[in-house]
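A.B. asks: Please find the sequence and the predicted model below.
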Amino acid sequence: MMHEEMKSPAPEGGLLEYSLGEGVRAFTSGRDAVLPCAVITPHQTHSTKVALVDRADITPAELDGVDALVTSLPGLAIGVRTADCIPVLLFDPVRRAVGAVHSGWRGTVEMIAVRTVYAMRAHFGTCPGDLRAEICPGISADSFQVGAEVALAFKQAGFPPEKVWSFRGPKTVDSPAGGHHIDLKECIRHSLEGCGVLSENIHVCCEDTFTDTRFFSARREGISCGRNINAIMLI
């Protein structure tokens, strides 16, 4: 059984590895990591587009404007790049398929993780109840201060405010303290459960990329910083 909000082990060699079951490898690379294999990643644009990777020589042009990938090809790592946005890795042990999702606040509002589950169902016959999901390191609710218009977007999208939103008083200059805060990881967990992924099969990493200097953070370092690679591969 998988458990929510558990502290993940310290990365070995800059890699944070996940236990999603037999026949799959999944990891997040920290700032000091050397990738153990080549990883196919899309050119992300905060879209809701999900692409099927059905061959190893897929070109960058085919993955332009894509924010989630799915594949059933063994030995082929797919992944997404993040630096505070929330990465989600999906594994279907029954149909032998995987997915990798980049879920920023816009993608979370538009439920890109759920769209990826549906893409896996369409391409591979995945049953959501069979899926195992890893919500990987990203910005936490404590660090993710947003404007009132962003908070309203989550409410209008149907996320339960009492679970995903908080108002913490006046803003503090150059600090995430105060203002509106959104829990993106909880939003994604809520949306995955809503489409049939079992709660016991969802693991939420508690690492906050904004405060944990093992990982890149665009809010802490600026948008030109490096990116964490979040990858999954059938083996």
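C.D. replies: Here it is on my side, so go on.
A.B. asks: all contacts plus neighbour counts: C-alpha atoms, from now on.
C.D. replies: Noted.
A.B. asks: So which bits of stretch 167-176 are buried?
C.D. replies: Buried residues in stretch 167-176, counting neighbours by 16 or more other C-alpha atoms under 10 Å, are found at 167, 176.
A.B. asks: Dump it to PDB, restricted to CA.
C.D. replies: What follows is stretch 167-176, C-alpha atoms only, in PDB (Å, rounded to 0.1, in the frame of the first residue of the first chain):
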ATOM      1  CA  PHE A 167      -5.800  33.100   3.300                       C
ATOM      2  CA  ARG A 168      -3.000  34.100   5.600                       C
ATOM      3  CA  GLY A 169      -3.400  37.800   6.200                       C
ATOM      4  CA  PRO A 170      -1.500  40.700   4.700                       C
ATOM      5  CA  LYS A 171       1.300  39.900   2.300                       C
ATOM      6  CA  THR A 172       4.900  40.300   3.500                       C
ATOM      7  CA  VAL A 173       7.300  42.000   1.000                       C
ATOM      8  CA  ASP A 174       9.700  39.500  -0.600                       C
ATOM      9  CA  SER A 175       8.200  36.600   1.300                       C
ATOM     10  CA  PRO A 176       5.600  33.900   0.600                       C
END
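A.B. asks: could you give me the average pLDDT of that stretch?
C.D. replies: Taken as a whole, stretch 167-176 carries a mean pLDDT of 91.
A.B. asks: cool, stretch 101-110 as well?
C.D. replies: Confidence over stretch 101-110, taken as the mean pLDDT, stands at 98.
A.B. asks: Now do the longest helix seen in the chain: everything it contacts.
C.D. replies: In the chain, ranked by residue count with DSSP state H as the criterion, the top helix is helix 112-124. The list of residues contacting helix 112-124 from outside it, by C-alpha atoms under 8 Å, 6 or more residues apart in numbering, reads 48-50, 68-70, 72, 88, 95, 97-99, 101-103, 126-128, 188, 191-192, 195.
A.B. asks: Can you give me the distance of residue 202 to residue 32?
C.D. replies: When distances are taken as C-alpha to C-alpha, to the nearest Å, residue 202 and residue 32 turn out to be 27 Å apart.
A.B. asks: nope, residue 189 is what I was after
C.D. replies: When distances are taken as C-alpha to C-alpha, residue 189 and residue 32 turn out to be 28 Å apart.
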